[in-house]
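**Q** heads up, no residue letters with this:
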């Protein structure tokens, strides 16, 4: 009986040891095939043999902000190691692989690149992605900047660059290598520039030309576009630097299409560099928006009078003068009053846009209310009708999608009450 139990125990121990041996073998084989050393050796072998399509599968591109297609990465390898400099030999410059802390999820080794005319030693990093080791993309991405005047057409490797800061055209995160650059200047004052940018060594291109600064006054809140370059006009004037002499397209428009847009060709030279387009009119769309705004506002306005509240109209008033405007409303229609019913008629007139870009007008309000009050003669509560006529000078901020009343001031006013015979008597 004891011998049988002993055999079972030995059998279990044997199975356990065999399991450990199998698992160890699996991990050894896995480290051989998928560990950093084997991945590195495979990568170097593919690089020597110019098997870039297979080499691509070993790369980790997750840290690259700009997405590149497989063909772009392979083209970069060919450009760097075949066309621009012929790679003769590649080998490890340091012994073994150095693992970085962080649970050995990263590693690096120094590689000796031997070209036909020079030799470089560069660091190559590896990273563990899931259960596999990958080679981090060895290319440094560089932002290219071409300093050219507004209105130029800039081409890098035959592709037109549209991104412009006001000082330079730029292409983000370019792979290393030689890039052809062509610049077509506006108004044909200068001949086209054709050259080469060596990246990352030379990521900026400066050209010698004489430029002007142009000032354009326009309504606040508009967008001013000169030669395709846009600026938001927040202060009533925008400045464009880096302009050559010549004829350019100028566009001024409102982001909400509230004003009639301006489209015009302007001539810029040393004597003609300041322009003033502060005059503007509401567009058809702007007039419709104003009509809807006034209708909606005065519907809320009359509801608040009936409810003895300012909750509704407060949403139509700009924060800067909200206390003043709501106080005026209370004095006319809420304080010491008990309005039972009300109705209103309004008439906007003298509509214009001022130099601040605000919509300015006079609004005539004719409000009839029935107020419950104590009558001294009859010594009882009565319901008396009043007609309140007020002309307001009104300013509306239309810079945002939802318009706001910025200010209201009384131009003139009159109050009447209805006597027992139905006549309106002015106070």
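**A** Now that the structure is in, tell me what you want to look at. Every value quoted in this text rests on a predicted model; they were computed, and no experiment measured them.

**Q** could you use CA atoms for every contact and neighbour count after this?
**A** OK.

**Q** can you give me the helices for the stretch 51-200 of the chain?
**A** 52-56, 70-78 (DSSP state H, counting those that start in this stretch).

**Q** identify all contacting residues around the first one.
**A** Contacts of helix 52-56 with the rest of the structure, by C-alpha atoms under 8 Å, 6 or more residues apart in numbering, involve 43, 46-47, 70, 73-74, 77.

**Q** tell me the domain boundaries of the protein?
**A** Listed domain ranges for the chain are 21-136, 142-206, 212-277, 284-426 (source: automatic domain parsing).

**Q** could those domains go into TSV alongside mean neighbour count and mean pLDDT?
**A** Shown next, in TSV, are those (neighbours: other C-alpha atoms under 10 Å; pLDDT from 0 to 100):
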stretch	mean neighbour count	mean pLDDT
domain 21-136	15	79
domain 142-206	17	92
domain 212-277	17	91
domain 284-426	16	93
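
**Q** so residue 133 sits against residue 125, correct?
**A** No: between residue 133 and residue 125 there is no contact under C-alpha atoms under 8 Å: 10.4 Å.

**Q** what pairs with the nearest residue to residue 169 once chain neighbours are set aside across the strands?
**A** Nearest residue to residue 169, sequence neighbours excluded (C-alpha to C-alpha, 6 or more residues apart in numbering): residue 146, at 5.1 Å. Here residue 146 sits in beta bridges with residue 169, residue 205, as judged by DSSP bridges.

**Q** residue contacts, residue 146?
**A** The contact partners of residue 146, by C-alpha under 8 Å, 6+ apart, come to 154, 168-170, 204-206.

**Q** distance of it relative to residue 180?
**A** Residue 146 is 12 Å from residue 180, where distance means C-alpha to C-alpha, to the nearest Å.

**Q** and residue 80, by the same measure?
**A** Residue 80 is 15 Å from residue 180, by C-alpha to C-alpha.

**Q** over to residue 329?
**A** 68 Å.

**Q** before we move on, what about residue 296?
**A** Distance from residue 296 to residue 180, counting by C-alpha to C-alpha: 59 Å.

**Q** then residue 89?
**A** 28 Å.

**Q** would you agree residue 324 falls within a helix?
**A** Yes: according to DSSP: H, G, I helix; E, B strand; the rest coil, residue 324 belongs to a helix.

**Q** for residue 126, name its beta-bridge partners.
**A** Residue 126 has the following beta-bridge partners by DSSP bridges: residue 107, residue 135.

**Q** wait, what's in contact with it?
**A** By C-alpha under 8 Å, 6+ apart, the contact set of residue 126 is 36, 106-108, 133-136.
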